[in-house]
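Coordinates for the following, if possible.
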Amino acid sequence: MRIRIVDAFSERPFAGNPAGVVLLDSDTFPNDTWLQQVAAEVNLSETAFAHPLPQGGDADWALRWLTPAAEVDMCGHATLATAHVLHTTGTATGTVRFRTRSGVLITTTDGSGSITMDFPTAPLIPVEVPGPVAEALGAEIRSAHDTGPNVGDLLVELADEKTVRALSPDFRALARRGGRGVIATAPAEDPAAGYDFVSRGFFPYVGIDEDPVTGSAHTALAPFWSARLGRDALVGLQGGARTGFVRTELRGDRTLLTGSAVTVIDGELLATG
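Okay, here's the model as predicted:
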């Protein structure tokens with residue numbers, strides 16, 4: 001079967017966040033052990049597996065996401081990558097509905113190739129600033145929020161963009177926190193640069209020290225920064241050495257995430273179980 005590596009949230013190769021994409025011909029998923037072994041072999045932050053569903057239902061494809069170490073409940077960049085593969089191969093056009101652990105997620109592709117994903121907005125639950133997380137990040141935390149069960153991250157606000165960019169966390173200490181991960185964010189130093197806020201995402205508990213561009217985290221970043229900046233439509237820049245842009249639009253209990261993608265590798269998966 002075919003396996004592709006797609007750089008999501010980027011208009012050029014070798015930027016954004018790479019995801020593996022495997023489109024299955026069957027009407028069910030292979031066994032969980034095989035899925036996890038493939039994800040570990042690909043060794044990217046997520047590998048997406050999708051198979052078609054019967055016509056007439058609430059979704060067109062079933063979709064699952066696995067890190068090298070675990071299955072996750074929500075993943076934005078691998079959903080974007082899967083929609084990109086479906087459209088660029090002519091397998092689907094226009095709107096695609098995915099049945100996932102987080103409900104039915106809808107993606108729409110426009111004429112320019114940009115893909116918009118309709119995701120549930122994450123709740124923002126204020127929590128006490130956890131001292132061990134501040135110590136592991138090596139930075140003062142201004143505020144902290146739990147992002148609910150779908151996302152499962154701790155969202156922490158730092159002083160400024162320079163502080164976020166300079167982070168060099170103690171990943172072992174962060175892994176001891178549990179949960180999915182920690183998102184560190186701050187306002188853009190210069191909004192004229194084309195983005196409104198910055199973030200970095202650390203997920204050592206699920207086998208990923210740093211994820212370059214985390215689409216699902218923007219379902220929490222969008223309401224967080226929309227409330228502070230007074231606008232529903234924003235642009236986020238995420239990443240350390242490797243970065244990408246996510247356009248967000250807050251629509252109440254739904255958040256629209258828009259980005260582009262590029263297929264970098266198209267190959268054949270020989271170990272089919």
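
and the gap between residue 235 and residue 221?
Relative to residue 221, residue 235 is positioned 11 Å away (C-beta to C-beta, to the nearest Å). Every C-beta, even on glycine, is put in place using the N, C-alpha and C of the backbone.

what do the two both touch?
Both residue 235 and residue 221 are in contact with residue 248, where contact means C-beta atoms under 8 Å, 6 or more residues apart in numbering.

These two: which is more packed in?
The residue with more neighbours, out of residue 235 and residue 221, is residue 221; 31 against 17, by other C-beta atoms under 10 Å.

isn't the more buried one right up against residue 195?
No. Under the contact definition of C-beta atoms under 8 Å, residue 221 does not touch residue 195, with a separation of 11.5 Å.

where do the contact lists of the two overlap?
Counting by C-beta under 8 Å, 6+ apart, the residues touching both residue 221 and residue 195 are residue 236.

hey, C-alpha coordinates of stretch 147-159 in CSV?
Once non-C-alpha atoms are left out, stretch 147-159 reads as follows in CSV (Å, rounded to 0.1, in the frame of the first residue of the first chain):
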residue,chain,number,x,y,z
THR,A,147,-7.6,22.6,27.6
GLY,A,148,-10.1,19.8,28.2
PRO,A,149,-10.2,16.1,27.3
ASN,A,150,-10.0,16.3,23.5
VAL,A,151,-6.8,18.4,23.4
GLY,A,152,-5.4,17.4,26.8
ASP,A,153,-2.7,20.1,27.0
LEU,A,154,-1.6,22.6,29.6
LEU,A,155,-1.6,26.0,27.9
VAL,A,156,0.9,28.4,29.6
GLU,A,157,1.3,32.1,28.8
LEU,A,158,4.8,33.5,28.9
ALA,A,159,6.1,37.0,29.0
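
Would you mind listing the buried residues in it?
Across stretch 147-159, burial judged by 16 or more other C-beta atoms under 10 Å covers 147, 148, 150, 151, 152, 153, 154, 155, 156, 157, 158.

And for stretch 206-217?
206, 207, 208, 210, 211, 212, 213, 214, 215, 216, 217.
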